[in-house]
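>>> Build the 3D model from these lines:
(2 chains)
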Amino acid sequence: MAIHKIPSIQSSEITPRELFYNRRQFIQLTAGASLTALFPQALLAGEKFANVKKAAGKLPDELTPFKDVTSYNNFYEFGTGKEDPAKNAGSLKTRPWTVSVEGEVLKPKLFDIDELLKLAPLEERVYRLRCVEAWSMVIPWIGFPLAELLKRVEPTGNAKFVEFISLHDPEQMPGQKSASLNWPYREGLRIDEAMNPLTLLTLGLYGEVLPNQNGAPIRVVVPWKYGFKSAKSIVKIRLVEKQPVSSWMAAGPNEYGFYSNVNPAVDHPRWSQAKERRIGEFLKRPTLPFNGYAEQVAQLYAGMDLTKNF
Amino acid sequence: MSIKTLDNKALAWLKITVFLLALFPLCKLGLSAYFDDLGANPIEKITRTTGYWTLSFLLITLTITPMRRLSGWSWPARLRRMLGLFVFFYGSLHFLTYLVLDQFFDWTSIVNDIVKRPYITVGFPAFILLIPLAITSTNRMMKRLGGKRWRTLHSLIYLIAVGGVVHYWWLVKKDITNPLAFALLLAVLLGIRLIYWLRGLLKH
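Below you'll find the model as predicted:
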């Protein structure tokens, strides 16, 4: 309940709201302008992208409001509560930031984040996001296919899997001070999943640079898999021969499999996956196989027993 | 009047105060709902909050007897029925949230949950067992059952408490800090009873 405090400042001394915000806006504008002059691509959370190719096909689904997308997050690096990331992610420093792409590749390279922002044309992609906890959202992401990055480092024939490693720095990520998961956060994809055009290397959402709580400055989004497969705040991408062990697989091998494709027919041991609550809706809706992307990805799993390879 | 035995007037005031305090979590939830401040997933928030307070009131109720024994005060026992009924009150809200808001009377899903989801398999009977305790909480029912039978029936609360804490523990995905706190408190409260019981056995 709101506790009403007696104001210690006289109301006559308080700057009117409009003036206050004008002043802030002015500072933001000038700061933004000078930054843009110095580094044309040095965008920080909240700033708008220019030149984003709009989403081609429109989903029939309504977008989840920006406020919900940025205030209800699973990002254990900033705490295990859904509201923790929005509260705590301010301590994450997204500049300078590099991503090392290495392993079974001919041209390993350390990419600077500002170089990645210019690596390929940015597109908007409206994707459904299905959390393993049976809730979902619809989010307009901004990025480019991960394949664009992977092609540039020239994977060798031994590159069967891709491992994503997130930042490990308990000073910036206070949630890492507790052993809620094995840090750093690790995730992985099979190389053909990683090269699939749906797999998006993501730098923004809702026309803006990624807010910290959504995995800034760079993450992947794999829309046909449960949300935890889409690693956030990535610092290293390794191409490897053996199937990597993800943080969630290590935490609960019988609950979280390597594939973790959205599948209404295979329940999580502790809850049903048949339905989901779309954030903002009251009645649950049925969950779609591969989160509705079966047409684009089902062939990747032809002949596989998806109950065993959950 | 001493702190050991409050007079009737003081006790009445104490009861009113505890009653109003016990309604505070519900008021807070109601206000948050009114001001659209329950976050992105209001149903989850309501489920979590009512569940949390059910367990909290359960543990508070179980504190009464040890408190009376350790302090020698008699009045805490006079609050026990009301606190116990608040366990049932918040438990009912929790259950109704699941039934109406979360599942919206989807009986197939509900039955599947009870059969297949361990945390609901223990949580559901824990709630159901609260019902006979609430029904038999009146003075008349106490007399009708007789003290001994009544006490035997109401010792179900220990089973319910264990079921409730296990329910919480099994539902949490990874961070078990909160369920662990509840489990430790429950262990202490049951442990004290065990000590008194063993001492009673030795005396006889």
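>>> my hunch is that residue A:164 is in a strand, does that hold up?
Yes. Counting by DSSP: H, G, I helix; E, B strand; the rest coil, residue A:164 falls inside a strand.
>>> residues touching it, list them.
Counting by Cβ atoms under 8 Å, 6 or more residues apart in numbering or on different chains, residue A:164 touches A:186, A:187, A:188, A:189, A:220, A:231, A:234, A:236, A:237. For glycine as for every other residue, the C-beta is placed from the backbone atoms N, C-alpha and C.
>>> Contact residues of chain B facing chain A?
Neighbours of chain A within chain B, by Cβ under 8 Å from any Cβ of the partner chain: B:24, B:27-28, B:31, B:39-41, B:43-44, B:101, B:103-104, B:106, B:109, B:112-113, B:116-119, B:170-171, B:173-175.
>>> which of the contacts of residue A:164 lies closest to residue A:140?
Looking at these and their distance to residue A:140, the nearest is residue A:220, at 16.2 Å (Cβ to Cβ).
>>> what bridges to the closest one?
Beta-bridge partners recorded for residue A:220 (DSSP bridges): residue A:201.
>>> same deal with residue A:145?
Going by DSSP bridges, residue A:145 forms beta bridges with residue A:200.
>>> ok, it touching residue A:197?
Yes. Look at residue A:145 against residue A:197 with Cβ atoms under 8 Å: they come within range, at 5.2 Å.
>>> Between the two, point out the one with more neighbours.
residue A:145 (19 against 12; other Cβ atoms under 10 Å in any protein chain shown).
>>> from the contacts of residue A:164, which ones fall inside strands?
A:186, A:187, A:188, A:189, A:220, A:234, A:236, A:237 (DSSP state E).
>>> Now do the same contact list for the fifth one.
The neighbours of residue A:220, taking Cβ under 8 Å, 6+ apart as the test, are A:146, A:164, A:187, A:189, A:199, A:200, A:201, A:202, A:230, A:231, A:234.
>>> run the last query once more with 6 Å
A:146, A:230, A:231 (Cβ atoms under 6 Å, 6 or more residues apart in numbering or on different chains).
>>> Give me the pLDDT value at it.
Looking at residue A:220, its pLDDT is 98.
>>> distance of it from residue A:129?
Residue A:220 is 12 Å from residue A:129, where distance means Cβ to Cβ, to the nearest Å.
>>> Select only the buried ones of the residues of chain B next to chain A in PyMOL?
Buried members of those, defined by 16 or more other Cβ atoms under 10 Å in any protein chain shown, are picked up in PyMOL with:
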select buried, chain B and resi 39+40+41+43+44+103+109+113+117+119+170+171+173+175
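>>> Could you point out which residue ranges in the chain have low pLDDT?
I went with chain A, as the question did not name one. Scanning chain A for pLDDT under 70 picks out the ranges A:1-43, A:56-57.
>>> hmm, I had chain B in mind actually
B:1-3.
>>> Give me the distance from the longest helix anywhere in it to the chain's centre.
If you go by DSSP state H, chain B has its longest helix at helix B:42-71. When distances are taken as Cα atoms, centre = their mean, to the nearest Å, helix B:42-71 is centred 5 Å away from the chain's centroid.
>>> after that helix, next one along is what?
Following helix B:42-71 in sequence order, the next helix or strand is helix B:80-96 (DSSP states H and E).
>>> Output whichever helix or strand comes after that following helix as CSV, restricted to C-alpha atoms.
Going down the chain from helix B:80-96, the next helix or strand is helix B:107-116, by DSSP H and E. Only the C-alpha atoms of helix B:107-116 are listed here, as CSV (Å, rounded to 0.1, in the frame of the first residue of the first chain):
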residue,chain,number,x,y,z
TRP,B,107,-12.1,-29.4,-15.5
THR,B,108,-10.0,-31.6,-17.8
SER,B,109,-6.9,-29.4,-17.1
ILE,B,110,-7.7,-29.3,-13.4
VAL,B,111,-8.0,-33.1,-13.1
ASN,B,112,-4.8,-33.5,-15.2
ASP,B,113,-3.0,-31.0,-12.9
ILE,B,114,-4.1,-32.9,-9.8
VAL,B,115,-3.0,-36.2,-11.2
LYS,B,116,0.1,-35.2,-13.0
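>>> related to what we said a few turns ago, residue B:197: which of the ones in strands among the contacts of residue A:164 is nearest?
Using Cβ to Cβ, the ones in strands among the contacts of residue A:164 come closest to residue B:197 at residue A:186, 49.8 Å.
>>> picking that back up, from the contacts of residue A:164, which is closest to residue A:137?
residue A:220 (16.4 Å).
>>> Distance of the closest one relative to residue A:229?
From residue A:220 across to residue A:229, the span is 8 Å (Cβ to Cβ).
>>> do the same with residue A:58
25 Å.
>>> Likewise for residue A:106?
Distance from residue A:106 to residue A:229, by Cβ to Cβ: 27 Å.
>>> neighbour count winner among these two?
Between residue A:106 and residue A:229, counted using other Cβ under 10 Å, residue A:229 has the larger neighbour count: 25 against 9.
>>> quick one: contacts for that one?
A:187, A:222, A:260 are the contacts of residue A:229 under Cβ under 6 Å, 6+ apart.
>>> any idea which of the residues you listed is the one closest to residue A:54?
Nearest member of the contacts of residue A:229 to residue A:54, counting by Cβ to Cβ, is residue A:222, at 21.7 Å.
>>> Help me confirm that that closest one comes into contact with residue A:197.
No. If you go by Cβ atoms under 6 Å, residue A:222 and residue A:197 don't touch, sitting 11.8 Å apart.
>>> The residue of the stretch 101-250 of chain A found nearest chain B: what secondary structure?
Taking Cβ to the nearest Cβ, chain B has its nearest neighbour within the stretch 101-250 of chain A at residue A:180, 5.1 Å off. Look at residue A:180: counting by three-state DSSP, its state is coil.
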